[in-house]
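>>> I would like to see how this sequence folds:
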Amino acid sequence: MPSLSSRTHSNNRRAAGILLCFWLAIPGAVAQLFPGTGGDSKPAEDPTTAAAISQRLETVAGELAAAAATDPNSKLISRLHELRELLTNEQRLRDGLAKERVPATVAEPRYPRDTVFALNDFYEQRFELLSAIEATTAIIAGQRKALADARAKWDDAERKRRESKREAQVDSAAELTVRKLDSRIAAERVNVQQLELHTSQRELELLEAQLAPLDAAISSSENAQKFKTGDASAGFAALAEREGRIQRDLESLKRGLASLELRLSAAQKNFAKQGDAAPEQLAQVEALSTAVDTQRQQIQLLEEQLQRIPHRRETWQLWQRALLASTGRQEMNGWIDRARERIEFINSLLIRRQGRMADLRKRSDALTARLDEQSADPIVRTAQQTQLKTMSQLAEALHADEQSLLKELRLNRHFLSVMERRTLNLEPSELVRQGYNALRRFWAFEITAVQDEPITVGSIFSALLLAGLGVMISRRLSGFFGRVAKQRLKLDHGAVAAIETLTFYILLVGFTLLALRSINFPLTAFTVLGGALAIGVGFGSQNIMNNFISGLILMLERPVRAQDVVEVDGNHGTIEKIGARSTQIRSTDGRQIIVPNSFFLESNVINWTLSDDLVRAQVGVGVAYGSPMRRCEELLRKVVNDTPEIISQPAPIIIFDAFGDNSLNFEIYFWVHARSPMQTRIISSKLRFAIDDIFHQNGIVIAFPQRDVHLDAAAPLDVRLVGAADSKPVDSD
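A predicted model of the protein is given here:
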């Protein structure tokens with residue numbers, strides 16, 4: 001049995017827990033006024049005021065005190081601490097927003113405002129300002145995304161709180177309290193994100209407000225130097241001082257390099273004597289080798305910096321002259337070209353610096369890994385640490401040189417932008433010259449190189465132009481050769497078409513090879529291309545190549561020619577053109593028929609005009625029985641001889657063909673010159689008209705079908721009088 005005192009203590013703890021739950025439930029009512037306190041509703045319109053934040057801080061402090069007095073180990077304590085930290089952060093952000101911030105003024109340059117050195121300082125300030133604006137804009141974009149995520153998490157916490165409230169029972173009051181605290185924490189995170197976003201937006205506004213005065217300072221400095229530049233001796237003196245400092249550092253490094261080389265030589269000799277049995281000697285040799293290499297690279301960096309200083313001095317001097325209104329445009333155009341070349345050179349140096357830094361970083365990481373993995377003796381580790389320190393010094397030197405290059409790059413870009421603005425209002429002759437120079441640079445731009453021969457934009461354009469002209473010239477020359485062959489050699493249309501087509505293809509191939517040679521394209525590549533083409537022909541282009549080769553055979557063998565009259569699948573027509581893949585036929589009714597070339601070699605084709613245009617026609621006529629047959633033959637021969645379209649040789653043939661059912665039939669066979677079936681039909685029609693006329697004049701009847709009617713007289717015939725209404729049949733008796 002538990003003692004009375006223990007039961008009393010347990011009851012007291014249960015009562016304190018219930019009081020704590022009621023105490024933690026109080027903020028639900030406060031949430032109607034302050035959004036960061038949780039509750040059933042969403043935050044109010046402005047939960048980030050200083051008064052609201054202070055009130056919520058006091059509430060959380062009371063909740064912490066009550067929870068600590070009731071149950072110091074409660075899981076609510078950590079949530080309340082997190083809520084207090086969020087509110088403290090909100091208060092700090094609100095205090096920062098409450099402070100009145102004055103936009104930063106333009107920093108006064110180190111040199112007089114009417115010098116190019118001051119103007120460049122203004123440009124550097126503007127560059128840093130634009131970089132800060134860009135970075136702040138990116139931060140704002142990230143904060144907006146974070147705010148949206150915080151609101152989504154707060155909505156989820158509110159949903160879980162409402163579910164706990166809806167399903168709450170007596171034994172789940174603590175769980176409901178936890179849900180409420182989670183909702184309040186999520187709401188405070190939303191408030192923190194809102195305050196951070198407002199802070200960044202205000203920072204962006206202050207940064208953007210500095211652009212206008214800075215642009216005014218740049219314009220004022222440029223205008224002050226239009227007719228007279230200020231005293232820039234201090235700037236040139238600083239440049240000379242930097243040159244002397246680099247020279248002194250270079251001499252010091254060279255002396256140190258000589259000492260390091262002596263030490264390295266001695267260490268190598270010692271290592272050669274002791275061999276692989278002395279790892280500390282090897283580590284020392286490696287460290288000294290790295291030091292020598294680093295020293296040499298630092299010397300090289302300083303020498304390159306010394307070489308760049310005269311170029312930088314020249315840029316300052318040209319900038320001074322470019323600001324003067326009396327500077328000629330032609331002279332400035334030369335400076336523009338020089339500045340662009342300098343910018344390209346600095347960009348190439350920056351790429352090389354980045355490559356060297358990446359290689360040095362890789363070596364340094366490898367050495368660091370060796371130091372972490374192996375447990376060598378102190379001498380080896382000391383040598384390797386010295387080697388790592390030397391690499392770090394070289395990395396710092398490379399980084400410093402990279403920053404110097406970036407600053408020099410911006411200097412040249414500023415100089416270039418000033419000169420380009422000065423040359424906007426150019427005279428027509430200057431515009432033409434600049435356009436011509438730009439076109440020359442574009443024309444000479446190298447796309448690639450084949451066998452150490454450059455292929456430029458100009459060469460490709462020339463090749464395309466030559467290819468286009470080659471097509472035109474090939475067409476004209478092939479037509480000219482065709483006309484010459486027709487006039488001089490008296491060839492027919494088919495031969496002329498074949499000559500034109502073959503000549504066109506030969507000329508086109510020649511011009512294509514010439515165009516490829518003009519861009520330095522190696523013609524030996526056609527050996528590979530020929531193999532690929534053969535594979536393509538064998539697997540994917542059988543039908544096309546079949547028709548192409550068939551076209552060549554048609555042009556050489558000439559079973560059909562242009563202007564020949566052919567009959568293909570029951571269609572009559574005239575061949576208009578024999579192409580590389582197909583032949584065009586125009587039918588007698590005006591339709592265009594496209595026939596693959598292989599069809600003429602694989603199928604039966606009737607060529608009406610292969611050797612000549614002689615065609616035999618036939619006309620039949622029948623006369624009535626009892627007509628004078630010899631007279632009919634004479635009349636038919638006369639009609640045939642009088643028809644001019646019918647040739648005499650071969651002679652026409654008139655045949656008494658048959659004793660027909662209704663007529664005596666004659667067949668007339670004759671030859672005519674015709675290049676189409678229609679011409680034959682026209683001549684046959686004319687002959688029939690003449691036969692009808694001459695038979696009519698001579699009283700010869702052209703027979704027509706007749707039938708004899710036979711009556712069955714075995715029975716009496718029923719005879720009636722037509723028209724008599726009351727007539728009756730009459731007996732035949």
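>>> and the average pLDDT for stretch 153-167 is what?
Here stretch 153-167 scores 82 as its mean pLDDT.
>>> and it, which residues are buried?
Across stretch 153-167, burial judged by 16 or more other C-beta atoms under 10 Å covers 153-154, 157-158, 161, 164. All C-beta atoms are positioned from the backbone trio N, CA, C, and that covers glycine.
>>> for stretch 69-84, same thing?
So for stretch 69-84, counting by 16+ other C-beta under 10 Å, buried means 70, 74, 76, 79-80, 82-84.
>>> mind listing the strands for this protein?
Taking DSSP state E as the criterion, the chain carries its strands at 446-450, 453-456, 565-568, 571-578, 582-587, 592-596, 606-607, 614-623, 653-659, 664-673.
>>> where's residue 97 relative to residue 154, distance?
Residue 97 sits 22 Å away from residue 154, going by C-beta to C-beta, to the nearest Å.
>>> let me redo that: residue 46
Taken as C-beta to C-beta, the span from residue 46 to residue 154 is 16 Å.
>>> same question for residue 568.
In terms of C-beta to C-beta, residue 568 sits 83 Å off from residue 154.
>>> one step back: ok, which of the strands of the chain comes nearest residue 56?
Of all the strands of the chain, strand 446-450 sits nearest to residue 56, with 67.7 Å by C-beta to C-beta.
>>> same for the closest one, what does it pack against?
Strand 446-450 sits against strand 453-456, with contacts defined as 3 or more C-beta pairs under 8 Å, 6 or more residues apart in numbering; DSSP states H and E.
>>> buried residues, the strand it packs on. List them.
455-456.
>>> mind listing residues that contact that strand?
With C-beta atoms under 8 Å, 6 or more residues apart in numbering as the test, strand 453-456 has contacts from 443-449, 519-521.
>>> kindly export that strand (C-alpha atoms) in CSV.
Taking C-alpha atoms only, strand 453-456 is exported to CSV below (Å, rounded to 0.1, in the frame of the first residue of the first chain):
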residue,chain,number,x,y,z
GLU,A,453,44.8,24.7,-93.1
PRO,A,454,42.2,27.0,-91.6
ILE,A,455,38.5,26.9,-92.7
THR,A,456,37.1,30.4,-92.2
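>>> quick one: strands adjacent to it?
Sheet partners assigned to strand 453-456 using DSSP bridges are listed as strand 446-450 (antiparallel).
>>> quick one: mean pLDDT for the partner strand?
73.
>>> any regions of the stretch 401-550 of the chain where pLDDT drops low?
424-434, 450-452, 490-495, 520-547 (pLDDT under 70).
>>> so how far is residue 93 from the closest residue in space to residue 404 that isn't next to it in sequence?
Leaving out its chain neighbours, the residue that sits closest to residue 404 by C-beta to C-beta, 6 or more residues apart in numbering is residue 305, at 6.8 Å. According to C-beta to C-beta, residue 305 and residue 93 sit 46 Å apart.
>>> what of residue 254?
56 Å.
>>> where does the nearest residue to residue 335 once chain neighbours are set aside land on pLDDT?
Distances taken as C-beta to C-beta, 6+ apart place residue 318 nearest to residue 335, at 5.2 Å, with adjacent residues excluded. For residue 318, the model assigns a pLDDT of 82.
>>> pull up the gap between residue 318 and residue 51, please.
Residue 318 is 62 Å from residue 51, by C-beta to C-beta.
>>> residue 129 now?
36 Å.
>>> these two: which is more packed in?
residue 129 (17 against 8; other C-beta atoms under 10 Å).
>>> enumerate every residue touching the more buried one.
Applying C-beta under 8 Å, 6+ apart, the residues near residue 129 are 207, 210-211, 214.
>>> let me have these in TSV, adding pLDDT as columns.
What follows is the contacts of residue 129, written out as TSV (pLDDT from 0 to 100):
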residue	pLDDT
207	87
210	86
211	86
214	86
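>>> which helix in this structure has the most residues?
helix 116-166 (DSSP state H).
>>> hang on, the earlier thing: what about residue 254 and residue 93, which has more around it?
With neighbours defined as other C-beta under 10 Å, residue 254 and residue 93 compare such that residue 93 has more, 19 against 13.
>>> residue contacts, the residue nearest to that one when sequence neighbours are not counted?
Ranked by C-beta to C-beta, 6+ apart and with sequence neighbours excluded, the top spatial neighbour of residue 93 is residue 195, at 3.9 Å. By C-beta under 8 Å, 6+ apart, the contact list for residue 195 reads 48, 90, 93-94, 97.
>>> what's the most distant pair in those residues?
Pairwise over these, using C-beta to C-beta, the maximum falls at 90 and 97, 10.6 Å.
>>> neighbour count for those two, which is higher?
Under the criterion of other C-beta under 10 Å, the comparison of residue 90 against residue 97 puts residue 90 first, with 25 against 14.
>>> now for the nearest residue to the more buried one once chain neighbours are set aside, how many residues are close by?
Spatial nearest neighbour of residue 90, excluding adjacent residues (C-beta to C-beta, 6+ apart): residue 53 at 5.0 Å. Residue 53 has 25 neighbours, counted by other C-beta under 10 Å.
>>> roughly how far apart are residue 53 and residue 154?
17 Å.
>>> same thing with residue 625?
119 Å.
>>> kindly report the same for residue 603.
With C-beta to C-beta as the criterion, residue 603 and residue 154 are 83 Å apart.
>>> with residue 271 instead?
Taken as C-beta to C-beta, the span from residue 271 to residue 154 is 68 Å.
>>> before we move on, what about residue 617?
Applying C-beta to C-beta to residue 617 and residue 154 gives a distance of 102 Å.
>>> where along the stretch 501-650 of the chain do the helices fall?
525-539, 542-557, 597-602, 629-642 (DSSP state H, counting those that start in this stretch).
>>> what's the weakest-modelled helix or strand in the chain?
The weakest-scoring helix or strand in the chain, judged by mean pLDDT, DSSP states H and E, is helix 27-30 (a mean of 41).
>>> tell me how far residue 217 lies from residue 579.
With C-beta to C-beta as the criterion, residue 217 and residue 579 are 74 Å apart.
>>> the two - which one has more neighbours?
Applying other C-beta under 10 Å to residue 217 and residue 579 shows that residue 217 carries more neighbours, namely 22 against 15.
>>> show me what contacts that one?
106, 113, 122.
>>> for the second one, grab phi and psi.
Backbone torsions for residue 113, taken as degrees, to the nearest 10, come to phi -70, psi -20.
>>> residues contacting residue 577?
497, 562, 583-584.
>>> residue 120 is in contact with residue 411, isn't it?
Yes: judged on C-beta atoms under 8 Å, residue 120 makes contact with residue 411 at a distance of 6.1 Å.
>>> show the pLDDT at residue 32.
35.
>>> check residue 584 too.
Confidence at residue 584, expressed as pLDDT, is 78.
>>> what's across from it in the sheet?
residue 577, residue 594.
>>> count the residues that sit near it.
For residue 584, using other C-beta under 10 Å, the count is 16.
>>> that one against residue 592, yeah?
Yes: in terms of C-beta under 8 Å, residue 584 counts as a neighbour of residue 592; the distance is 6.3 Å.
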